[in-house]
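Chemist: how would this look folded up:
(2 chains)
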Amino acid sequence: MLLFSAIHPINISKMKSGLVSISTCYMDLDDIFGPSLNLEDTHLNEGYQEGYKTGFASGKDDGHEVGIKTGFITGEELGFYRGCIDVWTSVIQIEPTCFSTRVQKKIKEMDELVSKYPILDPENENVTDIMGLLRLKFRAICATLNMKLEYKGYPKASEPNEIQF
Amino acid sequence: MTLLEEEGLQLREVQRLEGHTDRVWGLAWNPATGTAAAMLASCGGDKTVRIWQQRTASSTSFDCKAVLEETHTRTVRSCAWSPSGKKLATASFDATTAILEQNGDDFDCVSTLEGHENEVKSVSWNASGSLLATCSRDKCVWIWEVLPGDEFDCVSVLQGHTQDVKMVQWHPTVDVLFSCSYDNTIKIWAEDGDSDDWRCVQTLGESNSGHSSTVWALAFNNTGDKMVTCSDDLTIKVWGVDISRLQSGDDNASWRHLCTLSGYHERTIFSVHWSREGIIATGAADDAICLFVESEDHSVDGPSYKLLYKKEKAHDMDINSVRWSPVENRVLASASDDGTIKIWKLDSIH
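Modeler: Presented below is the predicted three-dimensional model:
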């Protein structure tokens, strides 16, 4: 019987190290198959540990990569807004009447939002809210000033849906 | 004599306006009552806006006075005249809203509003003509201030709907904005103080006896104390508010459900409009037009409405818009997927 021969060595080693005698071992049928169950557990454990280790390493690598990528995207967008705000603010300082008070107020609000964006705290729940508000205010300013400001890769919020009326 | 007591009322087709080469989506009567002859704007899937003018004030004939083809690159979904009747705003699937102004016999595009990410579905002027609202498939509602020199300032971008916003409509007397959506709700927006801060003050959803499917359109009665909405759930709902509280700016002036009319249309109800005289007209995908009036016998549950008349097969295909003339009583215009516009007169056979 293949199964029996497979468990045999373990049985012997158990006899050697432990205090189980041959007679009791063969008398108790449960004990013959007991080690075979342990074997499965042991292998399962070993496999799990090995897989966990490998998974942990590759997961960390993946996360690292994704982090760099999304970090770059977020930083790029924030930097873009910062640049626009700084230019607009400088223009207002030189020519205080160049934008309507409504637009000036929105620029100031954007400034505050960019400043308080938690760059070093990516798990902060506010990040999506702040980014959403920034995009909204930016769109409102651009619409009023009647201009289109974009860069290659600027996020488009609309996902192509099926056409509805 | 009340309308319900008048016998033999019927919708008589006065004229069929042909010209659009695709489905007709929207209609707008010029509200300027000073002019002798009525003017109607229509827009549709053929990317054009057409201006129809009554020959003379007493005439039943309308002529196509202008075809505006250059303004939009995709379907023109809806149009609205400013209260003065001088400007026409058009909302298009090309993501823009255009402002057209009459210049002699021509219409010039004096401004293009860009801001929405995709299809603009509806446009509405407030009572004074100082504010313009637009809504889009991007789930947003935009409010624009009309400045001198055809400048438009974005006042606020309103987020709240979770789906495509089908229509925006300002209240006829108070600067409160209404929007209805594919998310089955009607949202009411009001300014919070004087800070350009607009927020949603009320949402009428299924839990408030609201609609259980897309809300396609809404309209107000003459005094603005009642609103009617129509939906893909095949019902028409009437809502009421304490108008004096609304006008005094009371935040607690909330709208409540008054009654639901069901069983009159067999398919999606796309359009609803309330005449000055108090007749509610509906147009639906079952090609029929229905007319309703408030019945005299008030029950304890509030007002009830009765079917005054139903015109089956008013068009060969879906009816997208029904609009009462602001100038002439009992004159109705309807627009359809069949590419035609019809002018109807509600009169007695006798």
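Chemist: contacting residues for residue A:119?
Modeler: Applying C-beta atoms under 8 Å, 6 or more residues apart in numbering or on different chains to residue A:119 gives the contacts A:74, A:75, A:78. The way it works is simple: take the backbone N, C-alpha and C, and place the C-beta from them, glycine included.
Chemist: residues contacting the last one?
Modeler: When the contact criterion is C-beta under 8 Å, 6+ apart, the partners of residue A:78 are A:114, A:117, A:119, A:134.
Chemist: I'd like to know how far the residue nearest to the spatial centre of chain A sits from chain B.
Modeler: Closest to where the C-alpha atoms of chain A average out (C-alpha atoms, centre = their mean) is residue A:63, at 6.2 Å. Distance check for residue A:63 against chain B: by C-beta to the nearest C-beta, to the nearest Å, it reads 31 Å.
Chemist: which SSE is that residue in?
Modeler: Assigned by DSSP states H and E, residue A:63 falls within helix A:29-94.
Chemist: Average the pLDDT values over stretch B:101-113 and round to the nearest integer.
Modeler: Averaging pLDDT along stretch B:101-113 gives 90.
Chemist: which two of the contacts of residue A:78 lie the greatest distance from each other?
Modeler: Spatially, the most separated pair among these is A:119 and A:134, at 13.1 Å (C-beta to C-beta).
Chemist: Where does the prediction get shaky in the stretch 201-350 of chain B?
Modeler: Across the stretch 201-350 of chain B, the ranges flagged by pLDDT under 70 are B:298-299, B:350.
Chemist: For it, just list every one of the helices.
Modeler: Along the stretch 201-350 of chain B, the segments classed as helices by DSSP state H, counting those that start in this stretch run B:243-247.
Chemist: circling back: so which of the contacts of residue A:78 is the closest to residue A:58?
Modeler: residue A:119 (27.1 Å).
Chemist: For that closest one, give its distance to residue B:58.
Modeler: 71 Å (C-beta to C-beta, to the nearest Å).
Chemist: Repeat that for residue B:216.
Modeler: 35 Å.
Chemist: Then residue A:89?
Modeler: Taking C-beta to C-beta as the measure, residue A:89 falls 62 Å from residue B:58.
Chemist: Point me to the residue of chain A nearest chain B.
Modeler: Using C-beta to the nearest C-beta, residue A:143 is the residue of chain A that sits closest to chain B, at 3.5 Å.
Chemist: Around that residue, how many other residues sit close by?
Modeler: 20 (other C-beta atoms under 10 Å in any protein chain shown).
Chemist: One more: residue B:102?
Modeler: Neighbour count for residue B:102, taken as other C-beta under 10 Å: 17.
Chemist: SS state for it?
Modeler: Put simply, residue B:102 is strand when judged by DSSP: H, G, I helix; E, B strand; the rest coil.
Chemist: Could you pull up the residues touching it?
Modeler: Residues in contact with residue B:102 (C-beta under 8 Å, 6+ apart) are B:86, B:88.
Chemist: and chain B, which of its residues are near chain A?
Modeler: Neighbours of chain A within chain B, by C-beta under 8 Å from any C-beta of the partner chain: B:77, B:113-115, B:117-118, B:137-138, B:142, B:145, B:152-157, B:159, B:164, B:182, B:196.
Chemist: Which of the residues you listed fall in strands?
Modeler: Among these, the members falling in strands (DSSP state E) are B:77, B:113, B:114, B:142, B:145, B:152, B:153, B:154, B:155, B:156, B:157, B:159.
Chemist: any weak-confidence spans in chain A?
Modeler: A:1-35, A:156-165.
Chemist: Please repeat the previous calculation with a cut-off of 50.
Modeler: Counting by pLDDT under 50, chain A shows low-confidence ranges at A:1-25, A:27, A:158-162.
Chemist: Can you name the residue of the stretch 1-150 of chain B nearest to chain A?
Modeler: Using C-beta to the nearest C-beta, residue B:115 is the residue of the stretch 1-150 of chain B that sits closest to chain A, at 3.5 Å.
Chemist: so that residue makes contact with residue A:140?
Modeler: Yes - the criterion here is C-beta atoms under 8 Å, and residue B:115 meets it with residue A:140 at 7.2 Å.
Chemist: intersection of neighbour lists for those two?
Modeler: Residues touching both residue B:115 and residue A:140 (C-beta under 8 Å, 6+ apart) are B:154, B:157.
Chemist: how much space between residue A:115 and residue B:24?
Modeler: According to C-beta to C-beta, residue A:115 and residue B:24 sit 51 Å apart.
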